[in-house]
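Enquirer: All I have is the shape, not the residue letters:
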């Protein structure tokens, strides 16, 4: 009897680490603490619990803080989604901020968030938002304590910050509000007015069907005007993007680049406190390391698994692999404003010379389906009638000769250095393409830069051929066809249209489709646009990746977002 | 007993010492490791020279029907691809053979570059002393204080990734060793009688440097150069592994290794074989270097 009682006592003796860890140590300490916690045998639980409680009281930390660890794939650039373009950065901001309206978790439906309800005028140009009352700002920053609740001023500030160049915050952190510009917002918005503290009226220059969905996207996060004013007065405006204050379900505790982001649940969150207490992003760029950590229980959710590991993941009894057709496309874009890719014959020839099936078999394995259109098959208006270019090196060679390159030419082929949701290994794909292109005499040199640099140079159009991809962020075809291939985003040096493709007949169709609210009519226009896309071939469409997310069995109710985002509000973990 | 004693004078003429080369060879072949290293290196050189004939496939052509095929002795393998294929259907054996060409080229080119430059700098430092020596030697000391791979990465980052730049970077990193060795040898030689005699006879400075002193400093340089080849191969492979060395589709061993990391658990051959190739080559050069040192350095004579 005595001996039995001794054993758990010894165990509790080892426990202080666990209780201290969540508040004190970094990710590594935390991870270990969690593993210890799960490893505790069930013997004599009451004694153990009593010991834990006593210790917990002694160090005054929560008894059983529920922690969820997400092994994220990279570091966010900053905490201002308005200038971000990558999923990595949006994921980092997701717990902190809210938007006027949001997407329901795990779906594409727009639901109320900071606006409780809204009305749209019959002509589709005026949106009146009635805002939620009693929404609290995070009050955890050392440099600033909010004195008022969220109101209409914050909405107007957050929109004008991206819109009006004379706003003192327009240039803070970056003046490149990439999303805002690419979605054509500056031309679309006529006015944003405050009717009273809790009513905002937005007037558009023309009806825009996807407008509400646009506002639910990550870039439209709402920041505090009071905080912004205070920081402007203090002479440190960039602080609002580094030490963020939001209205979201979690507040930021610590951010260490390339190591860890730690959040805590915000008790006064308007939707009710999150089910988990601590949220940790353990930044792990290597996918095999992420998988190893998941196996060891050092993280609970991991994005972008390596296709080669999927089989092992499915077999692991402690892991569930969630699966969903992704709302994405991976592509190889031709710089259509540079020689020789300004010639549609050259673009077609390259498209016919690359063996798409081999790429799917070698790189995507079971996690991707070949793409022929720029939008994924699960999206409305997908045109299944479009025929993909056949793999035919002979015909490609002939086409090249017609275009004046009987002996091929030299070019570059950009491949991103990181794994993306739509492209598990760009370098390997590049090598396959390089080998295929060599067969028709095209000598391609593979180039790669650091990820941030890569996108910047690509957007500036420095490449000749380059790989990139897109994960939809509002479920509307406009988000692919206009954002990525319209003239609006081709002209700026920062636009998302990296093919720099500006083709009048195509642009007319997608711009027209924006102004119509009847979905059947829009479908027709978009279907036509896809036909033109295939004829003009500004991209070689590679694949649509299936979204796979391994999570441990301990995680309850994690839902896959069709946009590839990770939302942890509403998720719970088993003790 | 007596027969053996009798034999000796027949081999070497009485009074005349054995020719230095044959003396060297008899010392060298006594060292088993060194001979093994030499054999491996000769085989590698032959493979590299006749890669076009020996390799069963092209190192860069992909075959979309055979991704990650195992070596022939494993189930699912075939003798068409004796050592299997990589993730995009290229024959690993052929890539390794062509890779030998690259690795030897890297090793020899890098070492030639740094030996020549290093010796010249060392000679100058040893002869002119004073300010020139201080400038050269302190510069080399600074280079030596930086971790070699880090320095190489910085140089490649500035010049841009690529095989040529990687070779240049490694050559710069290896340079100080040769400068220091050459200078030390020169200083100890300069005060010797034969140099003084040559000087008295009216030999010019250049003649003194290159005709009189240099030949007597070669032994340590040769040893260091042989060991340097292995360092060069290793460093270039490391740069390739980091994506800064040879660019695809060149079949450089380090790059092959880096590309195959993710298959460690699933397809061992893609990772193991290039790793083994690097290991064997570097080991061979090290053994050869050790053997050369033993044979050339009079202080180590048994």
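Expert: Great, that's in hand. Just so we're clear, the structure is a prediction, and the values are computed from it rather than from any experiment. Numbers count the residues shown, from 1 in each chain, chains lettered A, B, ... in the order given.

Enquirer: from here on, contacts and neighbour counts on C-alpha atoms
Expert: Will do.

Enquirer: and residue A:422, what does it touch?
Expert: A:328-330, A:469-471, A:543-545 (C-alpha atoms under 8 Å, 6 or more residues apart in numbering or on different chains).

Enquirer: helix/strand/coil for the residue of the stretch 1-150 of chain B found nearest chain A?
Expert: Ranked by C-alpha to the nearest C-alpha, the top residue of the stretch 1-150 of chain B for proximity to chain A is residue B:64, at 5.6 Å. Using DSSP: H, G, I helix; E, B strand; the rest coil, the structure places residue B:64 in coil.

Enquirer: okay, who's weakest in the contacts of residue A:422 by pLDDT?
Expert: Minimum pLDDT for the contacts of residue A:422 is recorded at residue A:471 (87).

Enquirer: Name the SS class of the closest residue to residue A:450 other than its chain neighbours, please.
Expert: Spatial nearest neighbour of residue A:450, excluding adjacent residues (C-alpha to C-alpha, 6 or more residues apart in numbering or on different chains): residue A:417 at 6.5 Å. Counting by three-state DSSP, the backbone at residue A:417 sits in coil.

Enquirer: what's near enough to touch residue A:417?
Expert: Per C-alpha under 8 Å, 6+ apart, neighbours of residue A:417: A:426-427, A:448-451.

Enquirer: same question, residue A:230
Expert: Taking C-alpha under 8 Å, 6+ apart, we find residue A:230 in contact with residue A:144.

Enquirer: In terms of helices and strands, where is it?
Expert: Secondary structure from DSSP states H and E places residue A:230 in helix A:225-234.

Enquirer: Also residue B:256?
Expert: helix B:253-259.

Enquirer: Now tell me what touches that helix from outside.
Expert: Residues from elsewhere that reach helix B:253-259 (C-alpha under 8 Å, 6+ apart): B:96, B:99, B:103, B:236-243, B:245-248, B:270-272, B:274-275, B:277-278.

Enquirer: The residue in the stretch 401-550 of chain A that chain B sits nearest to: helix or strand, and which one exactly?
Expert: Residue nearest to chain B within the stretch 401-550 of chain A: residue A:435 (6.1 Å; C-alpha to the nearest C-alpha). Following DSSP H and E, one finds residue A:435 within helix A:426-439.

Enquirer: May I see the buried residues of that helix?
Expert: With burial defined by 16 or more other C-alpha atoms under 10 Å in any protein chain shown, the residues of helix A:426-439 counted as buried are A:426-439.

Enquirer: Tabulate those in a markdown table, adding columns for distance to residue A:319 and pLDDT.
Expert: Shown next, in a markdown table, are the buried residues of helix A:426-439 (distance: C-alpha to C-alpha, whole Å; pLDDT from 0 to 100):
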| residue | distance to residue A:319 | pLDDT |
| --- | --- | --- |
| A:426 | 27 | 92 |
| A:427 | 29 | 90 |
| A:428 | 28 | 91 |
| A:429 | 29 | 94 |
| A:430 | 32 | 94 |
| A:431 | 33 | 92 |
| A:432 | 33 | 92 |
| A:433 | 35 | 94 |
| A:434 | 37 | 93 |
| A:435 | 38 | 91 |
| A:436 | 38 | 92 |
| A:437 | 41 | 94 |
| A:438 | 42 | 92 |
| A:439 | 43 | 90 |
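
Enquirer: which residue packs closest to whatever residue of the stretch 301-450 of chain A ends up closest to chain B, ignoring adjacent ones?
Expert: Closest to chain B within the stretch 301-450 of chain A is residue A:358: 5.6 Å, counting by C-alpha to the nearest C-alpha. Once flanking residues are discounted, residue A:358 sits nearest to residue B:64: 5.6 Å by C-alpha to C-alpha, 6+ apart.

Enquirer: Average pLDDT for the longest helix seen in chain A, rounded please.
Expert: Looking across chain A with DSSP state H, the single longest helix is helix A:519-536. Mean per-residue pLDDT for helix A:519-536: 93.

Enquirer: just how off-centre is it within its chain?
Expert: 26 Å (C-alpha atoms, centre = their mean, to the nearest Å).

Enquirer: And it, what's buried?
Expert: A:522-523, A:525-534, A:536.

Enquirer: Go through the residues you listed and name the one nearest residue A:408.
Expert: residue A:536 (20.2 Å; C-alpha to C-alpha).

Enquirer: excluding its backbone neighbours, what's nearest that closest one?
Expert: Excluding the flanking residues, the one nearest residue A:536 by C-alpha to C-alpha, 6+ apart is residue A:344, at 6.0 Å.

Enquirer: Pretty sure residue A:533 is one of the things the one you found touches, is it not?
Expert: No. Using C-alpha atoms under 8 Å, residue A:344 makes no contact with residue A:533, being 11.1 Å away.

Enquirer: Please see if the longest helix out of those in chain B touches chain A.
Expert: Determined from DSSP H, the single longest helix within chain B is helix B:92-128. No. For a cut-off given as C-alpha under 8 Å from any C-alpha of the partner chain, helix B:92-128 has no contacts with chain A; the smallest distance is 14.3 Å.

Enquirer: Check which residues of that helix are buried.
Expert: Judged by neighbour count (16+ other C-alpha under 10 Å), helix B:92-128 contains these buried residues: B:92-115, B:117-127.

Enquirer: How about stretch B:194-204?
Expert: Neighbour count says stretch B:194-204 has B:195, B:203 buried, by 16+ other C-alpha under 10 Å.

Enquirer: hmm, back to that, for the residue nearest to residue A:358, phi and psi?
Expert: When read as degrees, to the nearest 10, the backbone of residue B:64 gives phi -70, psi 0.

Enquirer: burial count for it?
Expert: Using other C-alpha atoms under 10 Å in any protein chain shown as the criterion, residue B:64 is surrounded by 17 other residues.

Enquirer: Does it touch residue B:89 like I think?
Expert: Yes. Counting by C-alpha under 8 Å, residue B:64 touches residue B:89, with 5.9 Å between them.

Enquirer: how about the helices in chain B?
Expert: With DSSP H as the criterion, chain B has helices spanning B:2-11, B:20-29, B:32-49, B:51-54, B:92-128, B:130-145, B:148-159, B:163-190, B:193-200, B:205-207, B:214-241, B:253-259, B:268-296.

Enquirer: Export those helices to JSON lines and append columns for mean pLDDT.
Expert: Below are these laid out as JSON lines (pLDDT from 0 to 100):
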{"stretch": "helix B:2-11", "mean pLDDT": "47"}
{"stretch": "helix B:20-29", "mean pLDDT": "84"}
{"stretch": "helix B:32-49", "mean pLDDT": "94"}
{"stretch": "helix B:51-54", "mean pLDDT": "92"}
{"stretch": "helix B:92-128", "mean pLDDT": "93"}
{"stretch": "helix B:130-145", "mean pLDDT": "93"}
{"stretch": "helix B:148-159", "mean pLDDT": "90"}
{"stretch": "helix B:163-190", "mean pLDDT": "92"}
{"stretch": "helix B:193-200", "mean pLDDT": "91"}
{"stretch": "helix B:205-207", "mean pLDDT": "88"}
{"stretch": "helix B:214-241", "mean pLDDT": "89"}
{"stretch": "helix B:253-259", "mean pLDDT": "89"}
{"stretch": "helix B:268-296", "mean pLDDT": "91"}
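
Enquirer: With respect to burial, which of those scores highest?
Expert: Across the helices of chain B, averaging neighbours per residue (mean count of other C-alpha atoms under 10 Å in any protein chain shown) puts helix B:253-259 on top, at a mean of 25.

Enquirer: tell me how far it is from the chain's mean position?
Expert: On C-alpha atoms, centre = their mean, the centre of helix B:253-259 falls 19 Å from that of its chain.

Enquirer: what's the helix holding residue A:435 packed up against?
Expert: With contacts taken as 3 or more C-alpha pairs under 8 Å, 6 or more residues apart in numbering or on different chains; DSSP states H and E, helix A:426-439 sits against helix A:344-353, strand A:443-447.

Enquirer: Can you say which of the ones you listed is packed in most?
Expert: helix A:344-353 (a mean of 24).

Enquirer: Need the contact partners of it.
Expert: Counting by C-alpha under 8 Å, 6+ apart, residues outside helix A:344-353 touching it are A:334, A:340-341, A:389-393, A:395-397, A:399-400, A:402-403, A:436-437, A:440, A:536-540.
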